[in-house]
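**Q** quick check, what structure comes out for this input:
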Amino acid sequence: MKRMDEYNKPTESESIESKTPLNNTETHSPEIEKTDYDRPIKRETRPPRKGGGFIYGLLGVVVGALLVWFLLPNETTSNKVLNNTGEKNNIGMQEERLSIDINTDITDVVQSVTDAVVGVTNLQTVRDFWSSSETTQETGTGSGVIYKKQNGKAYIVTNHHVVEGAQEIDVTFDDGKKAQGRLVGSDMWTDLAVIEIDAADVKAVAEFGDSDALKRGETVIAIGNPLGLGFAGSVTQGVVSGKDRSIPVDFNEDGIVDWYSDVLQTDAAINPGNSGGALINMAGQLIGINSMKISQETVEGIGLAIPINLAIPIIEKLEQHGEVIRPTMGVTLIDLSSIPAQQQIVLKLPNDVTEGVVINEVVPNSPASKADIQRYDVIVEMDGEKIEDMVALRKHLYNVKEVGDKMTMKVYREGQLLEVEMTLENGNSF
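**A** Residues are numbered from 1 along each chain as shown. Predicted structure coming up:
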């Protein structure tokens, strides 16, 4: 017979099973195990070790820090560290500067033209009120472009308003040299003038381009002297914003439009002093003469230039005659719209005639007198073109007709529409 404690004593196989974890996994709950003496013993199983991952992470950080330390330049040992002043730094090294010659299409174009652009100074005699003495003073500064060199002389185109009233003209080259200019001729209506100088110091002559071939959005460059000779040779870049613009001009500042100038519009900056300067294309050709800028608080970036195709005939006439000889009719005129309605009754016009030009006076022996034009005739048409006001009449007469041309007009006289023909002659008025 077995003793009681032998029955309670586990067999070898049972002992092994009790000590072997189920499914080869450890559990964290305590187990109760019986000993040979039937005494319960509390046993705890340990959780898995986590110390190995921490060690590997720490090792990675150390290795990364060492790599950064080796790869970054060491300020205390590098011979490349230089200061920004060009002087020797604390380790005795000197900064190495690189000079880079950068050329672009714009710099090449400017270099080819800039010597042909000059400063034009208007000098006039001014009397001192206190001493009654006279001194020559600078009354204005603009720009000009050398376009021709011939027989020891050079010719400059500029604006009429730049040289208006000048008693002496100084021309300043891009390198600062000066020459005395002589006014060859000037034209108020187109705002163009021609100056002659000695060609000894002339280095370059601008080449005429074709302003009719310009496209909107095409790149252009303005060169001139904005705000005076202190900013001589200033270069601004822009595009052709518009062509065939007509800008109203009031010559005598009486509030009445006297003329419409045909101009190019550009967003290249054009300021006072740029007048008479060059507007060039990317081929380095002169395609416009900078003339004016709309100066209003609500307008920004609108520069205007006289198209070179319109300027060339005027330049040639100024060279040949010193003035632009234009055809004349020999009359004085008034816009129909400026006559009060009560006075228009005298003209006996049809009710639907509200625009035209009234002849106020006829000069004796003039083309109008020979064509039997009478006072109070109302011009409504020239050569089939409707005439609304004096500006339209001037543009047809000055831009379309030449001295010696025949011109057909339709006029209202005493309420009747008549057609008359005249031969235009030379003159400085209508």
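**Q** for the closest residue to Pro307 other than its chain neighbours, list the residues it contacts.
**A** Among residues not flanking Pro307 along the chain, Ser211 sits closest, at 3.7 Å (CB to CB, 6 or more residues apart in numbering). All C-beta atoms are positioned from the backbone trio N, CA, C, and that covers glycine. Contacts for Ser211 (CB atoms under 8 Å, 6 or more residues apart in numbering) come out as Leu264, Ile287, Gly288, Pro307, Ile308, Asn309, Leu310.
**Q** with adjacent residues omitted, what lies nearest to Pro226?
**A** Per CB to CB, 6+ apart, closest to Pro226 is Asn271, 3.9 Å.
**Q** so that neighbour, which of the three states?
**A** The assignment at Asn271 comes out as coil when based on DSSP: H, G, I helix; E, B strand; the rest coil.
**Q** do you know how far it is from Pro367?
**A** Using CB to CB, to the nearest Å, Asn271 is found at 43 Å from Pro367.
**Q** what about these two, which has more around it?
**A** Using other CB atoms under 10 Å, the more surrounded residue of Asn271 and Pro367 is Pro367, with 21 against 18.
**Q** can you read off the pLDDT for the more buried one?
**A** What the model reports for Pro367 is a pLDDT of 94.
**Q** right, and it touches Val420 too?
**A** No - when contacts are counted by CB atoms under 8 Å, Pro367 is not listed as touching Val420 (10.5 Å).
**Q** just give the nearest non-adjacent residue to Ile306, would you?
**A** Ile289 (4.5 Å).
**Q** quick one: contacts for the one you found?
**A** Ile289 touches 145, 157-159, 192, 276-279, 305-306, 308, 311, counting by CB under 8 Å, 6+ apart.
**Q** residue contacts, the residue nearest the centre of the chain?
**A** Per CA atoms, centre = their mean, the C-alpha nearest to the average position across the chain is that of Ala268, at 1.4 Å. With contact taken as CB under 8 Å, 6+ apart, Ala268 is in contact with Val220, Ile221, Ala222, Thr236, Gln237, Gly238, Val239, Leu279, Gly303.
**Q** same question for Leu397.
**A** By CB under 8 Å, 6+ apart, Leu397 lies in contact with Arg326, Pro327, Thr328, Met329, Met382, Leu424, Phe430.
**Q** near the closest residue to the first one other than its chain neighbours, how many other residues are there?
**A** Among residues not flanking Arg326 along the chain, Tyr398 sits closest, at 5.2 Å (CB to CB, 6+ apart). Applying other CB under 10 Å, we find 17 other residues in the vicinity of Tyr398.
**Q** report the secondary structure state of Tyr398.
**A** helix.
**Q** let's have the contacts of Ala268 in TSV, adding neighbour count, pLDDT and secondary structure.
**A** Compiled in TSV, those are given as follows (neighbours: other CB atoms under 10 Å; pLDDT from 0 to 100; DSSP: H, G, I helix; E, B strand; the rest coil):
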residue	neighbour count	pLDDT	secondary structure
Val220	24	95	strand
Ile221	20	94	strand
Ala222	27	92	strand
Thr236	20	90	strand
Gln237	16	91	strand
Gly238	19	92	strand
Val239	15	95	strand
Leu279	32	95	strand
Gly303	26	88	strand
